[in-house]
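A.B. asks: no sequence on this one, just coordinates:
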Ligand SMILES: [Zn+2]
């Protein structure tokens, strides 16, 4: 099914051309890569364009609250063992951005596509994926717990009867609930560090029991399915019981979990875990995340954390005191304007670190740290924060638009 089956219709070709023209105009106007505006224009010319572009591809969709951009990248690396890949690598993960990415990949065999949680069911209908990877669901900075439950319900309805192989994290009760309407599910024991959004049964609302490495509802019997893929120490265990070492340059438990999910996805596309994991080991940074950059003669590691679960994962990556930590929080557009989620994060983990705070909402953050009893210094710029940091590599943690600001400042 590779590459060049049936050519695009004249209408679809026109739509792609119009989209490329719009993207070029947007770039010329200095408005980023133009991929989203290009996709919007193209979809207006041909509303079925996404389905047409996906028709000749073996597609995997990747969705989650956290880790979808990184996992998309890991899967793309693994599948390149089997042929050319097209992917929305920069994280434009709504229909227009996905359309634009696929329009640039006419020679590809595989489509590896990150999808925003709210669009998963619709995109899955449009592109008839071969596989769908579901990693985790927790409250986003914009959503509270009830909305997370509604999202799981929407996935559950949208995926009922799908032809895709669903590869799902059995350790996340909401993911299990969402995936279990699908006829074919490959369960992966990929772990769950953030449990605060998973104490009530998604099926009946009862209290979940959570003994080590297991969960179940005492009221209705909904329980953790038996996984066929697992993680033991730093190894992925495949369905034959063979353990393969995970050797990543990307740090932390969350990324090992992303690699385990990616190995299971790669296997569904016929790529051997050994080959898949070896290829994943070459990924150094994903859209600037985890990158170590030099700024003012100091090493800075850039870490993105968008929501409470993301901050928890990020804190687990930073070296112990006296490593300096810079925190930057904005509340614009993609961040959500309400910063009350700051109160869901346990900042006492930063005790003992020199902490510098930045960003549009540095004062909200300062109040939060004061209450947590963490010492900090409020700074007006990254330059000032770096100057105030004692020696050693500086860990810089930022939410979405603050992270983009930092990348521009350090020229990355
Ligand atoms: Zn229940």
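C.D. replies: Okay, I see it. Note that the structure is predicted; figures quoted are calculated from it, not measured.
A.B. asks: who in this structure is up against the ion?
C.D. replies: Residues of the chain that fall close to the ion, judged by C-beta under 5 Å from the ion: 201, 203-204, 206, 217, 219-220, 222. In this view, the C-beta of every residue, glycine as well, is placed from N, C-alpha and C.
A.B. asks: change it to 8 Å
C.D. replies: Neighbours of the ion within the chain, by C-beta under 8 Å from the ion: 201-206, 208, 217-222.
A.B. asks: how far does stretch 284-294 sit from the chain's center?
C.D. replies: Its chain's average C-alpha position is 15 Å from that of stretch 284-294, according to C-alpha atoms, centre = their mean, to the nearest Å.
A.B. asks: Tell me the one of the residues of the chain next to the ion nearest residue 87?
C.D. replies: Among the residues of the chain next to the ion, residue 202 lies closest to residue 87 (C-beta to C-beta), at 30.4 Å.
A.B. asks: Can you verify residue 60 is assigned to a strand?
C.D. replies: Yes. Per DSSP: H, G, I helix; E, B strand; the rest coil, residue 60 lies within a strand segment.
A.B. asks: what about the closest residue to it other than its chain neighbours, neighbour count?
C.D. replies: Excluding the flanking residues, the one nearest residue 60 by C-beta to C-beta, 6 or more residues apart in numbering is residue 131, at 4.3 Å. Using other C-beta atoms under 10 Å, residue 131 is surrounded by 23 other residues.
A.B. asks: Could you give the bridge partners of residue 131?
C.D. replies: Using DSSP bridges, the beta-bridge partners of residue 131 come out as residue 60, residue 165.
A.B. asks: Distance check, it against residue 230.
C.D. replies: Going from residue 131 to residue 230 by C-beta to C-beta, to the nearest Å gives 19 Å.
A.B. asks: re the thing from before, just the buried members of the residues of the chain next to the ion?
C.D. replies: Neighbour counting by 16 or more other C-beta atoms under 10 Å classes 201-203, 208, 217, 222 among the residues of the chain next to the ion as buried.
A.B. asks: Mind putting these into JSON lines with pLDDT?
C.D. replies: Compiled in JSON lines, those are given as follows (pLDDT from 0 to 100):
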{"residue": "201", "pLDDT": "92"}
{"residue": "202", "pLDDT": "91"}
{"residue": "203", "pLDDT": "92"}
{"residue": "208", "pLDDT": "92"}
{"residue": "217", "pLDDT": "95"}
{"residue": "222", "pLDDT": "96"}
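A.B. asks: helices or strands next to the helix or strand harbouring residue 187 in the packing?
C.D. replies: Under the criterion of DSSP states H and E, residue 187 resides in strand 185-188. Packing partners of strand 185-188 (3 or more C-beta pairs under 8 Å, 6 or more residues apart in numbering; DSSP states H and E): strand 165-169, helix 253-268.
A.B. asks: Which of these sits closest to residue 112?
C.D. replies: Closest to residue 112 of the helices and strands packed on strand 185-188, according to C-beta to C-beta: helix 253-268, at 8.7 Å.
A.B. asks: Using a markdown table, lay out the helices and strands packed on strand 185-188 together with distance to residue 317, mean pLDDT and mean neighbour count.
C.D. replies: Shown next, in a markdown table, are the helices and strands packed on strand 185-188 (distance: least, C-beta to C-beta, whole Å; pLDDT from 0 to 100; neighbours: other C-beta atoms under 10 Å):
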| stretch | distance to residue 317 | mean pLDDT | mean neighbour count |
| --- | --- | --- | --- |
| strand 165-169 | 20 | 98 | 26 |
| helix 253-268 | 8 | 96 | 26 |
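A.B. asks: Residue 352: which of these is closest?
C.D. replies: Among the helices and strands packed on strand 185-188, the nearest to residue 352 by C-beta to C-beta is helix 253-268 (21.4 Å).
A.B. asks: what angle separates the closest one from strand 165-169?
C.D. replies: Between the axes of helix 253-268 and strand 165-169, defined by axes from the mean of the first three to the mean of the last three C-alpha atoms, to 10 degrees, the angle is 160 degrees.
A.B. asks: Could you list every helix and strand that helix 253-268 packs against?
C.D. replies: Applying 3+ C-beta pairs under 8 Å, 6+ apart, one finds that helix 253-268 contacts helix 68-79, strand 131-134, strand 165-169, strand 185-188, strand 230-232, strand 235-237, helix 273-280.
A.B. asks: per-domain residue ranges of this protein.
C.D. replies: Domain segmentation of the chain under automatic domain parsing yields 10-280, 292-407.
A.B. asks: from those, which stretch is densest packed?
C.D. replies: domain 10-280 (a mean of 20; mean count of other C-beta atoms under 10 Å).
A.B. asks: circling back to that earlier point, name the nearest of the buried ones among the residues of the chain next to the ion relative to residue 35.
C.D. replies: Closest approach between those and residue 35, by C-beta to C-beta: residue 202, at 34.8 Å.
A.B. asks: wait, is that closest one part of a strand?
C.D. replies: No. Applying three-state DSSP, one finds residue 202 to be coil, outside a strand.
A.B. asks: hang on, residue 12 packs against residue 49?
C.D. replies: Yes. Counting by C-beta atoms under 8 Å, residue 12 does reach residue 49; the two are 5.7 Å apart.
A.B. asks: Tell me which helix or strand comes right after the lengthiest helix in the chain.
C.D. replies: Longest helix of the chain, by residue count under DSSP state H: helix 10-28. Counting by DSSP H and E, the next helix or strand C-terminal to helix 10-28 is helix 35-45.
A.B. asks: Against residue 344, how distant is the residue of the stretch 51-200 of the chain found nearest the ion?
C.D. replies: Across the stretch 51-200 of the chain, no residue is closer to the ion than residue 200, which sits at 8.5 Å (C-beta to the ion). As for residue 200, its distance to residue 344 is 16 Å (criterion: C-beta to C-beta).
A.B. asks: likewise residue 36?
C.D. replies: Applying C-beta to C-beta, the value for residue 36 to residue 344 is 30 Å.
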